[in-house]
Structures are given as structure tokens and as C-alpha cells.
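# Quick one, structure for this:
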Amino acid sequence: MTSRPAEAQRLGDLARLRRVRDRIDREYAQPLDVEALARGAHMSAGHLSREFRRAYGESPYSYLMTRRIERAMALLRRGDLSVTEVCFAVGCSSLGTFSTRFTELVGVPPSVYRRERADAAAGMSPCVAKQVTRPIRNREAPAPAPHLA
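As a prediction, this is how the structure comes out:
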């Protein structure tokens, strides 16, 4: 049987976790790290990471990078920014880390995605385009087919 104070603590933690997730959704392009997010939620970084993963199935950092990659995909489809400009526009400070994570989630490097998907969402409403082009989390992107010569 769960005690009332423990249940109240759990509900309070869930409310703080929702605020952290909402902050990541709003401020994805800002310099965010787990320490800053934890301070804002009045939790330790370790507790925030454990509880966030338990509630949402991934770490706060992974969730932040997924949001950044989603936005990067939309900017790359527009085609008017370079990969480097998109990298910095979504809050990444390392082009290498951005490219690696983009490739893990989307299955192709950002430069290839920009070239091949420029018109992928043309004619779709933004809410449908977001669902159709959403990146896959946790390294689930299909591996590219081997090139046999």
C-alpha cells in the first residue's frame, strides 16, 4: 500500500517533469543541460534524469536532441539554410555531434536529407508534415541498404 506522503511526492515530481519537458519544447534552441533543467525543477540532476527516463522512456538530453533534430528537419526541408546554419539555429554547438545524432535518428546525414527531402512535405498541412517527418528516437532508424557493386 502506498503512503499518502509518497504518493504526493510522486505527483509533485510528475508535475515538475512536465514543466521540464515543456521547457525543453519551448527553449530547445537555448543552451540547456541537465544541471540547468534540474535547478529549474528544484531536483538533483541524477534524480531528474532517473525520473524523466522512467516517465518518458528517455533521458532529458535525448529528448532535447530529438526536439532539436525535429526542428532541424523542418529547416532543412525549407532549403534556404546550410547544414551549419541549421545546426546553430536549433541550439547545437557542435556540427559533428549534430550530424551524428541527426544520422542516428533520421537514417541519413543532414546534407543528404536537405538535398533529397526539400519538397517532401510540400502540400501537407504542418500538423501532418510534423507526424510524417518525425525522427525515430533511440537509434531506431533503419540501416541503409548495403551498396553492392
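
# my guess is residue 64 meets residue 23, correct?
No. Distance between residue 64 and residue 23: 9.8 Å, which falls outside the contact criterion (CB atoms under 8 Å). Any C-beta I mention is one placed from the backbone N, CA and C, and that applies to glycine too.

# And the spatially most central residue of the chain, how far from residue 96?
For the chain, the residue lying nearest the average C-alpha position, counting by CA atoms, centre = their mean, turns out to be residue 66 (1.5 Å). For residue 66, the distance to residue 96 under the criterion CB to CB, to the nearest Å works out to 18 Å.

# before we move on, the earlier item: surely the residue nearest to the centre of the chain touches residue 106?
No. Applying CB under 8 Å, one finds residue 66 not in contact with residue 106, separated by 10.7 Å.

# returning to that earlier point: buried ones in whatever helix or strand the residue nearest to the centre of the chain lives in, by neighbour count?
Using DSSP states H and E, residue 66 sits in helix 60-78. Counting neighbours by 16 or more other CB atoms under 10 Å, one finds that the buried residues in helix 60-78 are 60, 62-73, 75-77.

# Same check on stretch 32-41?
By neighbour count, with 16+ other CB under 10 Å as the criterion, the buried positions of stretch 32-41 are 32, 34, 37-38, 41.

# Show me which of these is closest to residue 10.
Looking at the buried residues of stretch 32-41 and their distance to residue 10, the nearest is residue 41, at 14.4 Å (CB to CB).
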